[in-house]
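[1] starting from these lines, generate the structure:
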Amino acid sequence: MAKAIHSMIRVLDEARSIRFYADCFGLQIAERLDFETFTLIYLSNPESSFEVELTVNKGRVEPYDLGDGYGHLAVSVPDLAAEHARLTALGHAPRKIVDFAPGGTVIARFFFIADPDGYQIEVLERGGRYL
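    Below you'll find the model as predicted:
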């Protein structure tokens, strides 16, 4: 059986991205692999073995075009309102909290936040299938 281990995104500014993912999600550098034309940075935290891989292409100065194919990454937190307030206080501008209730029953509470390169991250309150 396959095991999901990481998702890779290309970022323009290594330091800015590392700071964002540490501030917002507690992700720290698990490994950094430096090559002649690019650097791979694997970020993780104790909550999960899943990692976010940042790829920094050296010499790149133009922001990446995310196109219309990218959806989002998702993380779960125990207290959505507290996390929203914390990220707002840090100046990261999370969008409003949404209660997703098709048919009248709330099946998810979440908000979205964009990283420095515009990648969307869904922050879900833990519960149901979103543990």
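[2] got the domain ranges for this structure?
    1-60, 70-131 (automatic domain parsing).
[3] what about the last one, distance to the chain center?
    With C-alpha atoms, centre = their mean, to the nearest Å as the basis, domain 70-131 stands 10 Å off its chain's centre.
[4] that domain spans what distance, first to last residue?
    23 Å (C-alpha to C-alpha, to the nearest Å).
[5] hang on, Ile9 packs against Val56?
    No: with contacts defined as C-beta atoms under 8 Å, Ile9 does not count as touching Val56, sitting 10.4 Å away. All C-beta atoms are positioned from the backbone trio N, CA, C, and that covers glycine.
[6] sorry, back to before: so can I have TSV of the domains of the chain showing mean pLDDT and mean neighbour count?
    Below are the domains of the chain laid out as TSV (pLDDT from 0 to 100; neighbours: other C-beta atoms under 10 Å):
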stretch	mean pLDDT	mean neighbour count
domain 1-60	95	14
domain 70-131	94	14
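[7] which parts of this protein are strands?
    6-10, 28-34, 38-45, 48-57, 73-77, 98-100, 108-114, 120-125 (DSSP state E).
[8] give me the angle between the third one and strand 73-77.
    Just to be clear, that refers to strand 38-45. Angle, strand 38-45 to strand 73-77, by axes from the mean of the first three to the mean of the last three C-alpha atoms, to 10 degrees: 20 degrees.
[9] thinking again about what came up before, which stretch among the strands of the chain comes nearest Gly67?
    Closest of these to Gly67 is strand 6-10, at 11.8 Å (criterion: C-beta to C-beta).
[10] so how far is the closest one from its chain's centroid?
    How far strand 6-10 lies from its chain's middle: 10 Å, per C-alpha atoms, centre = their mean.
[11] what do you get for stretch 55-62?
    Counting by C-alpha atoms, centre = their mean, stretch 55-62 comes out at 19 Å from the chain centroid.
[12] do the same with stretch 57-71
    16 Å.
[13] how about residues contacting that stretch?
    Stretch 57-71 is contacted from outside by Arg10, Val11, Leu12, Glu36, Thr37, Phe38, Thr39, Asp117, Gly118, Tyr119, Gln120, using C-beta atoms under 8 Å, 6 or more residues apart in numbering.
[14] alright, that wraps it up for me.
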